[in-house]
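Colleague: Build the 3D model from these lines:
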Amino acid sequence: MSNATRSTNRRIGGVIAVLAGLAVIAAACTPPAGPPSRDWIVRPVSITVLDQEDVDAGDEPYIIQVGFRSKLGVADSTQVSVASQCRSGALPAADSGGVGDTVPVPPGSADIRFDDVTNLDVGDLALNFAPLEIIGTLGFVVERDGIFATCAITDLLQNTLTPLLGDALELLIASQPVPPTQEQLIALITDNIGSLLGAIGGLIASVIEGLGNPDDIIGIAAQIHLPTAGAFTDLLQTAFQVAGLFEPDLALGVLPLDDLGSGIKIRVGSLSPSAVDLPIGIPGTSYVYRSSVIPG
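Modeller: The predicted structure is shown next:
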């Protein structure tokens with residue numbers, strides 16, 4: 001091999017070494033990939049009748065769900081949707097809910113889907129992988145009064161509650177500036193969850209007050225599903241307790257909002273696979289509503 005060839009090979013080898021070194025440096029400077037997004041479903045499972053409303057052989061309980069999501073600090077990111085057993089043609093059979101009976105909700109008949117959600121931990125927030133979302137559902141447990149009635153309650157919730165809820169979310173969540181520190185973020189979420197719960201209670205009360213009586217709303221299960229993970233979930237739970245949103249011994253994250261009465265239960269927790277039984281009712285009528293969160 002000639003000296004010229006050896007010199008050329010050394011130069012090529014040097015270039016390759018430099019390029020390899022740059023590649024290593026570039027890889028080290030590239031931020032790691034964020035946590036993967038996932039799809040989720042909030043699925044009604046069943047309604048158990050403890051004290052029935054009707055005086056006949058049984059009640060006909062069914063579910064209407066209102067789903068909502070809004071990204072903290074991202075204007076115009078709010079979405080609100082409605083799913084109903086009435087619209088899907090999956091209402092229970094007549095008199096199927098006698099005292100002690102559990103009436104199943106057909107899978108898919110009133111599901112709310114949340115696609116492409118990223119559960120964030122403290123490190124993910126620090127690297128700003130994705131904005132934190134406030135995600136939730138309102139499960140209206142309704143007793144069917146008219147066999148040939150229309151989906152009037154579903155239509156009214158769609159036309160009246162959803163735009164009001166969308167406006168509230170846009171104001172309280174999406175339009176908020178994103179704070180620079182973890183402590184400020186936790187404080188902002190805690191304050192806004194409290195404000196949002198109050199707004200939801202007021203909106204529900206105003207809508208129900210204006211209802212006719214095609215079917216009867218027996219209770220409402222309001223659930224806030226925060227897409228958090230790891231240490232961030234623990235930090236938020238502690239913040240909620242300090243803020244008085246949780247009682248320390250309260251199971252399943254159900255908030256004690258006595259001023260809203262027994263007809264509404266509000267639960268706040270991390271968005272993860274789960275199932276919960278929520279006792280709800282109005283004077284003379286009581287049910288247990290079972291709700292689940294499953295991967296989509």
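
Colleague: so what's the closest residue to Glu170 other than its chain neighbours up against?
Modeller: Leaving aside its chain neighbours, Glu170 sits nearest to Thr78 (4.7 Å; criterion: C-beta to C-beta, 6 or more residues apart in numbering). All C-beta spots, glycine's among them, are computed from the backbone N, C-alpha and C. Neighbouring residues of Thr78 by C-beta atoms under 8 Å, 6 or more residues apart in numbering: Phe68, Arg69, Ser70, Gly166, Leu169, Glu170, Ile173, Ala174.

Colleague: so the residue nearest to the second one when sequence neighbours are not counted is in which element?
Modeller: Distances taken as C-beta to C-beta, 6+ apart place Ile135 nearest to Arg69, at 4.5 Å, with adjacent residues excluded. Assigned by DSSP states H and E, Ile135 falls within strand 133-144.

Colleague: Adjacent strands (with direction) for that strand?
Modeller: With DSSP bridges as the test, strand 133-144 is paired with strand 61-71 (antiparallel), strand 215-226 (antiparallel).

Colleague: can you map out the strands along the stretch 151-296 of the chain?
Modeller: Taking DSSP state E, counting those that start in this stretch as the criterion, the stretch 151-296 of the chain carries its strands at 215-226, 254-255, 264-270, 274-282, 285-295.

Colleague: Quick one: those as JSON lines, columns for distance to Ile200, mean pLDDT and mean neighbour count too.
Modeller: Listed next are the strands of the stretch 151-296 of the chain as JSON lines, based on distance: least, C-beta to C-beta, whole Å; pLDDT from 0 to 100; neighbours: other C-beta atoms under 10 Å:
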{"stretch": "strand 215-226", "distance to Ile200": "6", "mean pLDDT": "85", "mean neighbour count": "23"}
{"stretch": "strand 254-255", "distance to Ile200": "11", "mean pLDDT": "52", "mean neighbour count": "20"}
{"stretch": "strand 264-270", "distance to Ile200": "8", "mean pLDDT": "80", "mean neighbour count": "21"}
{"stretch": "strand 274-282", "distance to Ile200": "15", "mean pLDDT": "89", "mean neighbour count": "18"}
{"stretch": "strand 285-295", "distance to Ile200": "16", "mean pLDDT": "94", "mean neighbour count": "19"}
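
Colleague: Quick check: the residue nearest to Glu170 vs Ile112, distance?
Modeller: Using C-beta to C-beta, to the nearest Å, we find Thr78 at a distance of 15 Å from Ile112.

Colleague: before we move on, the earlier item: relative to Ile41, which of the contacts of Thr78 is nearest.
Modeller: Closest approach to Ile41 among these (C-beta to C-beta): Arg69, at 13.3 Å.

Colleague: In this model Glu133 seems to touch that closest one, though I could be wrong.
Modeller: Yes: the pair formed by Arg69 and Glu133 meets the contact definition of C-beta atoms under 8 Å, at 5.5 Å.

Colleague: Overlap of the contact sets of those two?
Modeller: Residues within reach of Arg69 and of Glu133 at once, by C-beta under 8 Å, 6+ apart, are Ser77, Val117.

Colleague: Against which helices or strands is the helix or strand where Asp124 lies packed?
Modeller: If you go by DSSP H and E, Asp124 is part of helix 122-126. When contacts are defined as 3 or more C-beta pairs under 8 Å, 6 or more residues apart in numbering; DSSP states H and E, helix 122-126 packs onto helix 182-209, helix 230-242.

Colleague: Show me what counts as buried in that helix.
Modeller: Residues of helix 122-126 classed as buried: Val122, Asp124, Leu125 (neighbour count, 16 or more other C-beta atoms under 10 Å).

Colleague: what mean pLDDT does that helix have?
Modeller: Averaged across helix 122-126, pLDDT comes to 77.
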